[in-house]
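Visitor: missing the sequence, but the structure's below:
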């Protein structure tokens, strides 16, 4: 399954069905969450993304929220706008790809020590297929950290996302991970009295099964 078993494919439609490449054609050099939520993301990355490792930053932009004082062997960024990715000083290299048009990643199997996806999972129309690709390129046991808040571009978020709230969205992302083969899937949250909330789902790539 490219989405998730037993769910109507229409739940992954968007209000704006035009190509995503048109929507993201103009760069947006803005932060999509506030300083508190950014700090929460960075703290999770500090804990889970191994220093000196090879990191995949999926659905990235001009900022990655990685800890400024932690060095990585490489940070490969994927996104939808070349100008944004070119402006991201943490990226070792980057590529532009519409994952809704083709979820296959042009990356070698078992080549990353961790992957992250910040505030963009709501736009994936084939989330399980994309997550399976992430699992393929991760080394065994490597973490995949997916984080999101209550903000989005509503015309580009899939229907099921718009129908749910934070905790239910968190359970949905966990279901994506489980169907894609991740193990040890868990969740955590940062919901302050004021400011942007942040929900996080973490899974780990399963042990090597000879198929990658």
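Guide: Ah, there it is. Note that the structure is predicted; figures quoted are calculated from it, not measured. Numbering: from 1, shown residues only.
Visitor: How about the residue nearest the centre of the chain: what's its closest non-neighbour residue?
Guide: Nearest to the geometric centre of the chain sits residue 117, at 2.1 Å (CA atoms, centre = their mean). Once flanking residues are discounted, residue 117 sits nearest to residue 58: 4.3 Å by CB to CB, 6 or more residues apart in numbering. In this view, the C-beta of every residue, glycine as well, is placed from N, C-alpha and C.
Visitor: Verify the contact between the one you found and residue 80 for me.
Guide: No - because the distance of 11.2 Å does not satisfy CB atoms under 8 Å, residue 58 is recorded as not touching residue 80.
Visitor: Between the two, which is the more surrounded one?
Guide: residue 58 (26 against 22; other CB atoms under 10 Å).
Visitor: ok, that one - contacts?
Guide: Residues near residue 58 by CB atoms under 8 Å, 6 or more residues apart in numbering: 78, 115-117, 120, 130, 134.
Visitor: Distance of the residue nearest to the centre of the chain relative to residue 65?
Guide: When distances are taken as CB to CB, to the nearest Å, residue 117 and residue 65 turn out to be 11 Å apart.
Visitor: Please apply the same query to residue 141.
Guide: Here the criterion is CB to CB. By it, residue 141 lies 23 Å from residue 65.
Visitor: quick one: which of these two has more around it?
Guide: More crowded of residue 141 and residue 65, by other CB under 10 Å: residue 65, with 23 against 13.
Visitor: Surely that one and residue 41 touch.
Guide: Yes - using CB under 8 Å, residue 65 makes contact with residue 41 at a distance of 4.6 Å.
Visitor: who touches both of those two?
Guide: Residues touching both residue 65 and residue 41 (CB under 8 Å, 6+ apart): residue 118.
Visitor: What count of nearby residues applies to the closest residue to residue 80 other than its chain neighbours?
Guide: Take residue 80 and drop its neighbours on the chain: the residue closest to it by CB to CB, 6+ apart is residue 24, 3.7 Å away. Here the neighbour count serves as a burial measure; for residue 24 (other CB under 10 Å) it reads 20.
Visitor: who's in contact with residue 130?
Guide: Shown in contact with residue 130 (CB under 8 Å, 6+ apart): 58, 99, 103, 124.
Visitor: hmm, 7 Å instead?
Guide: Shown here is residue 130, whose contacts under the criterion CB atoms under 7 Å, 6 or more residues apart in numbering are 99, 103, 124.
Visitor: ok, now residue 207?
Guide: Contacts of residue 207 were listed using CB under 7 Å, 6+ apart, and they are residue 140.
Visitor: How confident was the prediction at it?
Guide: Among the per-residue scores, residue 207 holds a pLDDT of 83.
Visitor: now swap in the one 4 residues further on and tell me
Guide: pLDDT recorded at residue 211 is 43.
Visitor: Flag every buried residue along the helix or strand of the chain at the bottom of the mean pLDDT ranking.
Guide: Sorted by mean pLDDT, DSSP states H and E, the helices and strands of the chain end with helix 20-23, the least confident at a mean of 90. Judged by neighbour count (16 or more other CB atoms under 10 Å), helix 20-23 contains these buried residues: 20, 23.
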